[in-house]
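**Q** after the sequence you'll find the predicted model.
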Amino acid sequence: MEYIGYFASIIIGLSLGLIGGGGSILTIPILVYLFKIDPELATSYSLFIVGLSALFGCYSHYKMGNLKIKAALYFAIPSVFSILIIREVIFPQIASTLFSIASFQVSKDFLIMIVFSVLMILAAVSMIRRKLPEIVSTSTNYVQLGVIGFIVGIITGFLGAGGGFLIIPALLFFANLPMKQAVGTSLLIIFINSTIGFGGDLYIGTPIDYTFLLTIAAMAFIGILIGIQLSKKIDGAKLKPLFGWFILVMGIYIITKEVFF
């Protein structure tokens, strides 16, 4: 299963290189089901992998002039606060077993995977739907941008996912950025959030297997390089709905597996 996991890790980067997102949503299922890593620890590992992948994407978009630093900071600063509150204060206080229904025990790991599968389904729907229209305006609603940033930070803190499917629409509608700038700025926000979240985990002493983690990140990096080359020949916008359907099936599979098996 590990060899399949390493191959799947390449797909994480492949998606990021081809369509500019979506790959991070696969990280948790790959770590949990293919590498048999505890879901709680997998959220820490995911933050590292997602953050490193986003950093590479940031650099590419920086060279193209697609980063809007002010909008990113207004979004990221509230996110950082909610991430640290979730991961360093609330998350450690959640009991391993939350409650029981008849003979079925609802554990913290079960909750993580169920909530994550719902996130996958929402992300899949956003990929399958038509492309969001670009907004042409000069005004930015920084208050609403900050509020959504705080909400996305909760998701990132709890699940270790980048939340790009929420960040990009927020940047489109509240920062009024064109799509390309929204994608680039989103990657910067994801990098900041993931780095702070992972750093917080290191501070509280989360055990990290750096050899394994760097290997997975290297596989994702290879996928990004392949994806960038393929994106010059293949229209990523056409592939996005197909990838969305794949994510949708994966989300439904996780719910089915966690509830019935």
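**A** Okay, I see it. Residues are numbered from 1 along each chain as shown.

**Q** low pLDDT regions in the stretch 51-200 of the chain?
**A** For the stretch 51-200 of the chain, the stretches with pLDDT under 70 are 102, 130-139, 160, 162-165.

**Q** ok, the residue nearest to residue 221 when sequence neighbours are not counted - how many residues close by?
**A** Using C-beta to C-beta, 6 or more residues apart in numbering and skipping the chain neighbours, the partner closest in space to residue 221 is residue 13 (5.9 Å). Every residue, glycine included, has its C-beta placed from N, CA and C. If you count neighbours by other C-beta atoms under 10 Å, residue 13 ends up with 27.

**Q** and residue 13, what element?
**A** Assessed by DSSP states H and E, residue 13 sits inside helix 2-19.

**Q** I'd like the next helix or strand past that helix.
**A** Following helix 2-19 in sequence, per DSSP H and E, is helix 27-29.

**Q** between helix 2-19 and the following helix or strand past that next one, find me the angle.
**A** Using DSSP H and E, the next helix or strand after helix 27-29 towards the C-terminus is helix 39-63. Here helix 39-63 runs at an angle of 30 degrees relative to helix 2-19 (axes from the mean of the first three to the mean of the last three C-alpha atoms, to 10 degrees).

**Q** list the helices and strands helix 39-63 packs on?
**A** helix 2-19, helix 27-29, helix 108-128, helix 142-159, helix 179-203, helix 210-231 (3 or more C-beta pairs under 8 Å, 6 or more residues apart in numbering; DSSP states H and E).

**Q** can you tell me which of these comes nearest to residue 72?
**A** Closest of the helices and strands packed on helix 39-63 to residue 72 is helix 179-203, at 4.6 Å (criterion: C-beta to C-beta).

**Q** now do the buried residues in that closest one.
**A** 179, 181-198, 200-201 (16 or more other C-beta atoms under 10 Å).

**Q** that helix versus helix 142-159: what angle between them?
**A** Using the same axes, to 10 degrees: helix 179-203 against helix 142-159 is 50 degrees.

**Q** centre of the chain versus helix 179-203, how much separation?
**A** In terms of C-alpha atoms, centre = their mean, to the nearest Å, the centre of helix 179-203 is found 9 Å from the chain centre.

**Q** distance of residue 89 relative to residue 204?
**A** Applying C-beta to C-beta, to the nearest Å, the value for residue 89 to residue 204 is 10 Å.

**Q** need the contact list for the residue nearest to residue 194 when sequence neighbours are not counted.
**A** Among residues not flanking residue 194 along the chain, residue 51 sits closest, at 3.1 Å (C-beta to C-beta, 6+ apart). By C-beta atoms under 8 Å, 6 or more residues apart in numbering, the contact set of residue 51 is 190, 191, 193, 194, 195, 197, 198.

**Q** what do you get for residue 39?
**A** 28, 32, 108, 109, 112, 113.

**Q** same thing with residue 116?
**A** Taking C-beta under 8 Å, 6+ apart, one finds 28, 29, 159, 161, 254 in contact with residue 116.

**Q** let's see 10 Å
**A** For residue 116, the contacting residues are 25, 27-29, 32, 39, 42-43, 46, 155, 158-161, 251, 254-255, 258, by C-beta atoms under 10 Å, 6 or more residues apart in numbering.

**Q** is it true that residue 94 touches residue 106?
**A** No. Contact criterion C-beta atoms under 10 Å: residue 94 and residue 106 do not qualify, at 11.3 Å.

**Q** hmm, who's touching stretch 84-94?
**A** 40, 43-44, 47, 82, 107-108, 111-112, 150, 153-160, 196-201, 203-204, 206.

**Q** change it to 7 Å
**A** Contacts to stretch 84-94, defined as C-beta atoms under 7 Å, 6 or more residues apart in numbering, come from residues 108, 154, 157, 158, 196, 197, 200, 201, 204.
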